[in-house]
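S.K.: Can you look at this prediction? I've put the sequence above it.
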Amino acid sequence: MRVLVIGSGAREHALVLAASHDPAVTALGCAPGNAGTAALAETLGGDMSEPATVAQLAREWKADLVVIGPEAPLVAGTADAVRRAGIACFGPSAEAARIEGSKSFAKDVMAAAKVPTARSEVVDNPAHLDAALRRFGPTWVVKDDGLAAGKGVVVTTDFDTAHKHALTLLDGGHPVVLESFLDGPEVSLFCLVDGRTVVPLLPAQDFKRVGDGDAGPNTGGMGAYAPLPWAPPNLVDDIVATVVQPVVDELAARGIPFSGLLYAGLALTSDGPQVIEFNCRFGDPETQAVLALLRTPIAGLLHATATGTLAGQPPLDWADGAAVTVVLAANNYPGVPRTGDVITGSEAEGVLHAGTRRREDGAVVSHGGRVLSVVGTGPDLRAAREQAYERVAKVHLPGAHHRTDIALRAVRGEIALPTG
Ligand code: AMP
Ligand code: GLY
């Protein structure tokens, strides 16, 4: 199988790495890729933002399977274009990708499927903002009703901060979504979905705020771990039954079957799991932890998802133990990151690349906000965490920062489910 991965983050490096271990894979390509994927896969193409460009590349490269990593090309219809070219594609149609691309569409689907989620209101007129905000909060949750790479959300107990963020979004022409605040620990559950059949992966937790103790602004994600030692044993089955399968069935009934990875971001509240958001693709950085534990050959699995044959797959095979990933971010991230810093130690085991590129003189330099994802595994979460941070200590990126508390509260047994 010739497998082409689209994207350039550590998530795509993790997908490429997993595919490189699959004996069914005869050729591996990545477009546009980064300095890490280049060591494992042929680096192809340049600008992948046009669906037609990706479809043409897939045809020319004779791909048997195209795996689309990020949401933007999915929302733009890249999976549709690849499938029209007669090539199997892992990733939903543009229509189905609206489950991530439009928060109001997601809310509508959830209401129809009776899936528990935060109460919400869309505001598109600044004159209605004040009154709307007073129907929520404190705590206020203010979101951009579109793709915002995890950065469009402000959660605050301060009315003025909420008001200011909403006005900024409205001034930029973006409708605003206000939501009731969901209390309780967050879970990311990734499910392979082939239109009908749902196969959940291990549950994970990510860390969205930039600083230790969840301080500072939201980011694309600063670290993650899987599985969740504190989760009740029936958690995954529960979420599939009450959240994922109903949404998959609702989309199918609307004639827009979801094929690819459906990511449910949930809060485990005292009223049970409630949806914070859906994403239409693998999450970053959770994928870097989850795939480190997957033993089932991935290409066959993604191909079965893309071709509607998940029901015939054997159960997934997972390594025992846990995985932790720590993101190394560039100076000033999540603001405009400094780039061009020389990185050393980035070829070591467990180091996945995101914003990196290889300079003409051979040096690997930073080329984005989240630069590396460093992964550790071990027989339990404590050991996995230790290995991840040992590996972080051996990588050098001038001015970089990372969180030092990824998975720490879980290791210490400090995560508790709210009781109803
Ligand atoms: P989103 O972009 O919707 O994933 O939101 C980013 C982050 O904001 C989430 O991972 C949560 O930590 C937080 N968040 C979003 N919506 C809510 C909510 N309704 N209640 C509590 N926290 C939320
Ligand atoms: N881990 C958050 C995301 O991928 O959106």
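M.R.: On my side now, so go ahead. Ligands and ions are numbered 1, 2, ... in the order given.

S.K.: How many residues are close by the residue in the stretch 151-300 of the chain that ligand 2 sits nearest to?
M.R.: Nearest residue of the stretch 151-300 of the chain to ligand 2 (C-beta to the nearest ligand atom) works out as Gly283 at 3.4 Å. Every C-beta, even on glycine, is put in place using the N, C-alpha and C of the backbone. When counting by other C-beta atoms under 10 Å, one arrives at 24 neighbours for Gly283.

S.K.: Go ahead and confirm it touches Phe190.
M.R.: Yes - Gly283 is within contact range of Phe190, at 6.5 Å (criterion: C-beta atoms under 8 Å).

S.K.: roughly how far apart are the residue nearest to the spatial centre of the chain and ligand 1?
M.R.: When C-alpha atoms, centre = their mean is applied to the chain, the residue found nearest the centroid is Gly283 (1.4 Å). Plainly put, Gly283 is 10 Å away from ligand 1 if you go by C-beta to the nearest ligand atom, to the nearest Å.

S.K.: before we move on, what about Ala27?
M.R.: 35 Å.

S.K.: for the residue of the stretch 151-300 of the chain closest to ligand 2, what are its contacts?
M.R.: For Gly283, the contacting residues are 11, 188, 190, 204, 206, 221, 224, 263, 265, by C-beta atoms under 8 Å, 6 or more residues apart in numbering.

S.K.: Assign it to helix, strand or coil.
M.R.: coil (DSSP: H, G, I helix; E, B strand; the rest coil).

S.K.: tell me which parts of the chain are close to ligand 1?
M.R.: Residues of the chain that fall close to ligand 1, judged by C-beta under 6 Å from any ligand atom: 118, 141, 143, 150, 153, 155, 179, 181-182, 186, 208, 218, 265, 267, 276-277.

S.K.: how about Ala81, what does it touch?
M.R.: Counting by C-beta under 8 Å, 6+ apart, Ala81 has contacts 51-52, 54-55.

S.K.: Cross-reference the residues you listed with the helices and report the matches.
M.R.: Mapping those onto helices (DSSP state H) picks out 51-52, 54-55.

S.K.: who wins for neighbours among those?
M.R.: Val54 (30 neighbours).

S.K.: Could you tell me the per-residue confidence at that residue?
M.R.: Per-residue confidence (pLDDT) for Val54: 98.

S.K.: Quick check: it touching Arg84?
M.R.: No - in this structure, Val54 is not within contact of Arg84 by C-beta under 8 Å, at 11.4 Å.

S.K.: Number of residues surrounding Ala19?
M.R.: With neighbours defined by other C-beta under 10 Å, the count for Ala19 comes to 25.

S.K.: On the three-state scheme, it is what?
M.R.: Ala19 - assigned by three-state DSSP - is helix.

S.K.: residue contacts, it?
M.R.: With C-beta under 8 Å, 6+ apart, Ala19 has these contacts: 3, 5, 25, 28, 41, 67, 298-299.

S.K.: For Ala112, which non-adjacent residue is closest in space?
M.R.: The shortest distance from Ala112 to any non-neighbouring residue, by C-beta to C-beta, 6 or more residues apart in numbering, is to Glu250 (5.3 Å).

S.K.: Figure out how far the strand or helix carrying the one you found is from the centre of its chain.
M.R.: Using DSSP states H and E, Glu250 sits within helix 245-253. Helix 245-253 sits 21 Å away from the centroid of its parent chain (C-alpha atoms, centre = their mean, to the nearest Å).
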